[in-house]
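Enquirer: Build me a structure from this.
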Amino acid sequence: MAVLIPEVPGKCTGSERQVFHRLERDLDDDWVVLHSLGLVNHDAKLWGEADFVVLSTKGVFVLEVKGGDVACRDGVWHYGKPGSKDYYTKQEGPFKQAKDAMFALKKVLDREPDLRRLLTGYGVVMPHAVFATEGPEIEPGVLLDKRAFAQHLGFYIGRLNRFWDNVYRERHGDNRVSPTPDQIRRIRELLRPNVESTLSLGSYLNGLEEDLIQLTNRQIRAARGMEHNPRTVITGRAGTGKTVLAIDRARRLAEAGKDVLYICFNKMLARHVEFSLHDKPEVERIRVRHLHGLMSDSITEAGMGARLAAINAPEVELFGKVFPEFFIEAALAVEPVTADVLVVDEAQDLLTTLNLDALDLLVKDGLRRGSWNVFLDPLQNIYGKDGEDAMDHLMEAGFASYELHENCRNTRQVAVQTSIISGVDMAMEGAIDGLPSDCIYYSNRSGCVERLNAEVERLLKAGVEPRDIIVLSTRQQKNSSIAGVDKLAGMKVRDLSDGPDDAAIHFSTVHAFKGLERKVVLAIDLEGIGDELCSLVHYAGLSRAMGLLRPFVAESERKNYKAQAERFGARVAAH
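Expert: Residues are numbered from 1 along each chain as shown. Presented below is the predicted three-dimensional model:
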């Protein structure tokens with residue numbers, strides 16, 4: 001893979017982004033590609049820009065990229081389809097743009113005696129167009145269009161090398177030389193010095209987030225399907241964008257004049273969704289509630305709060321059975337407000353037949369004839385047989401189903417590490433490349449705190465914002481490895497359930513953080529690696545990391561981790 005600077009593309013066209021990733025994947029490891037390089041020595045402009053500059057052992061080449069349809073008629077260049085909003089015309093064509101940028105680049109190289117003799121040239125890339133026009137400005141020998149774009153881009157750079165070497169020798173009687181790896185490094189410093197091109201970890205994670213949130217084809221298909229079906233179930237593993245679609249669905253319904261009830265299990269997820277919607281004009285039509293908070297309000301209003309408080313039951317039974325039983329009874333005295341449409345996010349945490357009976361009271365015409373959209377991860381079914389019975393109950397109502405496969409939240413490294421530790425394979429399709437998510441090992445509790453403190457300090461120095469970091473534990477803070485620890489890297493530690501604080505490092509249990517995400521997850525208290533009983537907890541927690549995951553693993557778990565890694569490797573090989 002070539003070195004790309006910057007490592008993550010900034011604002012650019014879709015065609016440039018496509019070429020960016022192809023250049024990174026196809027070109028040699030010791031080559032450097034500069035994206036969107038500013039050129040102050042441009043002959044025709046006060047400030048010019050090259051889409052890409054490829055520094056290779058075959059030459060230095062400026063690439064101009066044009067997406068969509070491209071045509072030249074009567075000396076006027078036409079871009080896009082006539083009549084479309086993206087259509088425009090220019091007097092200057094891509095070949096001249098590339099040529100002018102090349103000459104501006106040569107002025108920089110000519111200042112250095114040992115770089116003046118290097119082979120330089122330009123190319124024009126049109127990924128989506130078949131371009132066969134001829135003319136005095138057009139140089140077909142440097143063109144890469146739709147007909148050959150699918151080929152390895154290393155072949156295209158080789159073709160540019162042969163074309164420009166021939167041009168210099170036959171037209172100018174000049175034998176040029178290709179750059180050495182040392183010269184490539186020097187040119188890179190000349191064109192984009194470290195002070196400009198070094199990307200902090202914080203900046204990288206911001207750019208990575210932009211890459212991750214682009215909708216996939218399956219998400220778009222599911223969104224369109226929901227528009228045409230009154231009842232839908234959207235399934236997908238962690239990271240496939242269910243909450244993104246759920247929020248988008250709620251907004252679209254509200255824009256269409258519908259009263260929407262957005263339901264989830266997690267109180268903090270409800271708060272996050274409310275914040276996401278707070279400045280949207282349609283927010284007045286959307287009620288966001290975590291289900292058991294809504295139930296509790298009705299139960300209290302019906303005068304049954306003391307009875308509920310006296311119940312002592314395991315959490316799964318409390319939320320899956322006790323709460324809905326009390327709510328259904330309370331609804332006889334205090335009729336709940338119904339919504340035109342129900343949107344249920346993270347539904348696997350609510351999927352019991354009694355909870356469905358409760359939801360039936362919250363949507364007009366009930367679940368059988370009403371309108372609802374349910375989003376769930378079937379791999380996180382915590383209710384077992386009752387969860388399966390609940391799905392059968394939904395099927396009686398009839399619904400359209402859509403499955404999401406592409407991972408649009410996590411990097412590949414996060415997905416792999418989560419799959420290893422949990423033993424539950426995350427979606428890998430579509431996961432972009434990111435930072436290593438290696439384990440950090442420790443021998444005892446004090447060692448864990450020491451290494452955690454050092455990692456937080458490293459992240460902060462690298463430009464990561466405190467609000468982008470979460471310390472996740474399988475236990476409550478008072479029982480966790482950082483019990484009694486008030487500060488990490490000099491910053492106070494705050495339980496996220498107490499509310500956000502940009503001046504703190506947040507802590508949360510895995511359970512409380514369901515449905516949420518952070519750019520950086522520091523996972524502690526990962527006991528029982530490989531134990532089936534711990535599997536779903538590890539999966540639910542580690543999959544919350546978008547760009548960087550750091551599992552803190554006790555030395556006593558190292559053997560179990562190695563066994564999990566071998567099992568993961570065997571599963572990958574089997575597929």
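Enquirer: hey, let's count contacts and neighbours off CA atoms from now on
Expert: OK.
Enquirer: Residue 443 - how many residues pack around it?
Expert: 11 (other C-alpha atoms under 10 Å).
Enquirer: any idea how far it is from residue 477?
Expert: 20 Å (C-alpha to C-alpha, to the nearest Å).
Enquirer: Convert the C-alpha atoms of stretch 383-396 to PDB, please.
Expert: The C-alpha coordinates for stretch 383-396 follow below in PDB (Å, rounded to 0.1, in the frame of the first residue of the first chain):
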ATOM      1  CA  TYR A 383     -34.100 -13.300  26.100                       C
ATOM      2  CA  GLY A 384     -33.500 -16.600  24.400                       C
ATOM      3  CA  LYS A 385     -36.700 -18.600  23.700                       C
ATOM      4  CA  ASP A 386     -38.900 -15.600  24.800                       C
ATOM      5  CA  GLY A 387     -37.100 -13.500  22.200                       C
ATOM      6  CA  GLU A 388     -37.800 -16.000  19.500                       C
ATOM      7  CA  ASP A 389     -41.400 -16.200  20.500                       C
ATOM      8  CA  ALA A 390     -41.600 -12.400  20.300                       C
ATOM      9  CA  MET A 391     -40.300 -12.500  16.700                       C
ATOM     10  CA  ASP A 392     -43.000 -15.100  15.900                       C
ATOM     11  CA  HIS A 393     -45.500 -12.700  17.400                       C
ATOM     12  CA  LEU A 394     -44.300  -9.900  15.100                       C
ATOM     13  CA  MET A 395     -44.500 -12.200  12.100                       C
ATOM     14  CA  GLU A 396     -48.200 -12.700  12.700                       C
END
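Enquirer: Give me the distance from that stretch to the chain's centre.
Expert: 31 Å (C-alpha atoms, centre = their mean, to the nearest Å).
Enquirer: Tell me, how many residues neighbour the closest residue to residue 478 other than its chain neighbours?
Expert: Nearest non-adjacent residue to residue 478, counting by C-alpha to C-alpha, 6 or more residues apart in numbering: residue 484, 7.1 Å away. Residues lying near residue 484 (other C-alpha under 10 Å) number 11.
Enquirer: I'd assumed residue 493 was in contact with residue 484.
Expert: No. Taking contacts as C-alpha atoms under 8 Å, residue 484 lies outside contact range of residue 493: 9.9 Å.
Enquirer: Contacts for stretch 172-190, please.
Expert: 30-32, 55-60, 108-109, 115, 117-119, 165, 168-169 (C-alpha atoms under 8 Å, 6 or more residues apart in numbering).
Enquirer: Please narrow the residues you listed to those residing in strands.
Expert: 32, 55, 56, 59, 60 (DSSP state E).
Enquirer: Show me the two of the residues you listed that sit farthest apart.
Expert: Comparing all pairs in these by C-alpha to C-alpha, the longest separation belongs to 32 and 59, at 11.2 Å.
Enquirer: Can you tell me which of the ones in strands among the contacts of stretch 172-190 is nearest residue 422?
Expert: residue 32 (37.3 Å).
Enquirer: I'd like the next helix or strand past the helix or strand containing residue 396.
Expert: In this assignment (DSSP states H and E), residue 396 forms part of helix 385-397. Counting by DSSP H and E, the element after helix 385-397 in chain order, helix or strand, is strand 400-404.
Enquirer: Which other helices and strands does that next one contact?
Expert: Packing contacts for strand 400-404, counted by 3 or more C-alpha pairs under 8 Å, 6 or more residues apart in numbering; DSSP states H and E, involve helix 217-228, strand 231-236.
Enquirer: just to revisit the earlier point, restricted to buried residues, select the contacts of stretch 172-190 in ChimeraX.
Expert: To isolate the buried ones among those in ChimeraX, judged by 16 or more other C-alpha atoms under 10 Å, type:
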select :30,31,32,55,56,57,58,59,60,108,109,115,117,118,119,165,168
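Enquirer: mind checking the SS state of residue 546?
Expert: Three-state assignment for residue 546 (DSSP: H, G, I helix; E, B strand; the rest coil): strand.
Enquirer: Surely it is in contact with residue 516?
Expert: No. The pair residue 546 / residue 516 is not scored as a contact, 10.3 Å apart, by C-alpha under 8 Å.
Enquirer: Neighbour count: those two, which is higher?
Expert: Counted by other C-alpha under 10 Å, residue 546 and residue 516 do not tie: residue 546 has more neighbours, with 27 against 18.
Enquirer: Helices of the stretch 201-350 of the chain, start to end?
Expert: 201-212, 217-228, 242-255, 267-277, 291-301, 305-309, 315-317, 323-333 (DSSP state H, counting those that start in this stretch).
Enquirer: Would you mind getting the angle between the fourth one and helix 242-255?
Expert: Just to be clear, that refers to helix 267-277. 50 degrees (axes from the mean of the first three to the mean of the last three C-alpha atoms, to 10 degrees).
Enquirer: and helix 267-277, how far out from the chain's middle?
Expert: With C-alpha atoms, centre = their mean, you get 19 Å for helix 267-277.
Enquirer: average model confidence for the longest helix along the chain?
Expert: Counting by DSSP state H, the longest helix found in the chain is helix 153-172. When pLDDT is averaged over helix 153-172, the result is 94.
Enquirer: Okay, buried residues for it please.
Expert: Per 16+ other C-alpha under 10 Å, helix 153-172 contains these buried residues: 153, 156, 157, 159, 160, 161, 164, 165, 166, 168.
Enquirer: now do stretch 323-335
Expert: So stretch 323-335, judged by 16+ other C-alpha under 10 Å, has buried residues 323, 324, 325, 326, 327, 328, 330, 331, 334.
Enquirer: same thing with stretch 171-190?
Expert: Going by 16+ other C-alpha under 10 Å, stretch 171-190 has these buried residues: 176, 177, 178, 179, 180, 183, 184, 187, 188.
Enquirer: Off-centre distance for the host helix or strand of residue 453?
Expert: Element membership for residue 453 (DSSP H and E) is helix 445-461. Averaging C-alpha positions (C-alpha atoms, centre = their mean) puts helix 445-461 26 Å from its chain's average.
Enquirer: try stretch 263-271
Expert: 21 Å.
Enquirer: now stretch 280-292
Expert: 25 Å.
Enquirer: try stretch 135-146
Expert: For stretch 135-146, the distance to the chain centre is 36 Å (C-alpha atoms, centre = their mean).
Enquirer: again, but for stretch 406-424
Expert: On C-alpha atoms, centre = their mean, the centre of stretch 406-424 falls 12 Å from the chain's centre.
Enquirer: Okay then, goodbye and thanks.
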